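S.K.: based on what follows, work out the 3D shape:
(one chain, ligands or ions: 2)
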Amino acid sequence: MATEPLTEEPASGRAAYAGVLRFYDLAKRQEWQVRDLPWGQVPPIPEGKGSPQRRARRKDMWRSVLTQQLQADMLACDMASQLLNIAPDHEAKLYYSTMVQDESRHTEAWLKLIEEAGGTAERDPYLDELAHMTLEADTLEEKVFQMQVFYERLIIARFSLIARSSRGTVLEDLCNRLTTDDGIHHGAGMAYEKVLLQNASKQTKQKLVDAANRLLPTFVEHALWRPKERAFIGRAMHARDIERLKEDLEIGVRLAESLGLDVSEVQLPV
Ligand SMILES: [Fe+2]
Ligand SMILES: [Fe+2]
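M.R.: Numbers count the residues shown, from 1 in each chain. Ligands and ions are numbered 1, 2, ... in the order given. Here you go, the predicted model:
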């Protein structure tokens, strides 16, 4: 695929946006449909073994995993359409028009999968809070950083984890597709954020770091939150959760550094 020529070339004087256009192109080529998933050929989620009680408990756990992903993708629809509306650059708008479609399609897939798995469970209140903070952020630079540079980078590892524990199901197939899509969303965000920050004032960059600092305590709450269906795992996994949280935060700091941001004032809450 990398050897094929781009169908979208940057206009003259717009070479800085070639990266964003490349992801626009890639997004168009990677587009899939919800009907492409193996509905009816494999189970929607892992069926589990053991006593009926044990199986029911596993099913509730999966419903809760699915609910959090549906919630995340519905919020992503809000964020992607906000970015489409406020991004001033033509190339970015083209790209965001594909991201709006992706996040809507992801939502459609989760809705269908949850229906087959027995319905939704409890929402993560901290995820709602985080999305609200990003939607209310003052600058485009902050929004792109939080949504695409940070969250969409972290979710990729989460999807691989879910795929590994749900082999041979529709859920696994969906997670594999989402890994690819969010790889594109993250890559596009990095490409656009680079251009935005090249032209940003010192003050805008400082605001971005301040906003990240304000967001971190809620991010920690979100990372450690467990609905009642998964509370039993939450206790068993607490040490692992803290480890993963630390890794996630370090990834965020490294990404900020790679974009030339001054991270000396970032206070990691763990
Ligand atoms: Fe998504
Ligand atoms: Fe995404």
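
S.K.: any idea how many residues pack against the closest residue to residue 139 other than its chain neighbours?
M.R.: Nearest-residue entry for residue 139: residue 204, 5.9 Å, with adjacent residues in sequence omitted and distances by Cβ to Cβ, 6 or more residues apart in numbering. Backbone N, C-alpha and C define where each C-beta goes, glycine included. Burial of residue 204 is recorded as 16 neighbouring residues (other Cβ atoms under 10 Å).

S.K.: what are the ranges of the helices in the stretch 1-150 of the chain?
M.R.: Remark: helices assigned in the stretch 1-150 of the chain by DSSP state H, counting those that start in this stretch are 18-30, 52-86, 90-117, 125-136, 140-144.

S.K.: give me the pLDDT for the residue nearest to residue 139.
M.R.: Note for residue 204: predicted pLDDT of 95.

S.K.: so which residues on the stretch 1-150 of the chain come close to ligand 1?
M.R.: Selection of the stretch 1-150 of the chain residues close to ligand 1 by Cβ under 5 Å from the ion yields 73, 76, 103, 106.

S.K.: list the contacts of stretch 225-245.
M.R.: Residues from elsewhere that reach stretch 225-245, judged by Cβ atoms under 8 Å, 6 or more residues apart in numbering: 57, 60-61, 63-65, 67-68, 121-122, 124-126, 220, 223-224, 270.

S.K.: can you check stretch 261-270 too?
M.R.: 197, 205-206, 208-210, 212-213, 216-217, 220, 242, 245-246, 249-250, 253, 256-257.

S.K.: just the buried ones from these, in PyMOL syntax?
M.R.: Remark: buried members of the contacts of stretch 261-270, expressed as a PyMOL selection using 16 or more other Cβ atoms under 10 Å:
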select buried, resi 197+205+208+209+212+216+220+245+249+256
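
S.K.: out of the contacts of stretch 261-270, which touch ligand 2?
M.R.: Among the contacts of stretch 261-270, no residue lies close to ligand 2 (Cβ under 5 Å from the ion).

S.K.: wait, residue 173 sits on residue 38?
M.R.: Yes. Between residue 173 and residue 38 a contact is recorded at 5.7 Å, counting by Cβ atoms under 8 Å.

S.K.: just the ones of the contacts of stretch 261-270 in helices?
M.R.: 197, 205-206, 208-210, 212-213, 216-217, 220, 242, 245-246, 249-250, 253, 256-257 (DSSP state H).

S.K.: how close does the residue nearest to residue 139 get to residue 20?
M.R.: Counting by Cβ to Cβ, to the nearest Å, the gap from residue 204 to residue 20 is 19 Å.

S.K.: got any ranges where this structure has weak pLDDT?
M.R.: Applying pLDDT under 70 to the chain flags residues 1-6, 234.

S.K.: redo that, cut-off 80
M.R.: The chain contains residues with pLDDT under 80 at 1-8, 229-237, 269-270.

S.K.: residue 173 and residue 38 - which one has more neighbours?
M.R.: Between residue 173 and residue 38, residue 173 has the larger neighbour count (other Cβ under 10 Å), namely 19 against 14.

S.K.: for that one, which residues are in contact?
M.R.: 37-38, 42.

S.K.: out of the residues you listed, which is nearest to ligand 2?
M.R.: If you rank the contacts of residue 173 by distance to ligand 2 using Cβ to the ion, residue 37 comes first, at 17.4 Å.

S.K.: surely the closest one and residue 109 touch.
M.R.: Yes. Counting by Cβ under 8 Å, residue 109 is a contact partner of residue 37 at 6.6 Å.

S.K.: joint contacts of these two?
M.R.: Counting by Cβ under 8 Å, 6+ apart, the common neighbours of residue 37 and residue 109 are residue 174.

S.K.: which one of those two has more residues nearby?
M.R.: Set side by side, residue 37 and residue 109 show more neighbours around residue 109, with 25 against 19, by other Cβ under 10 Å.
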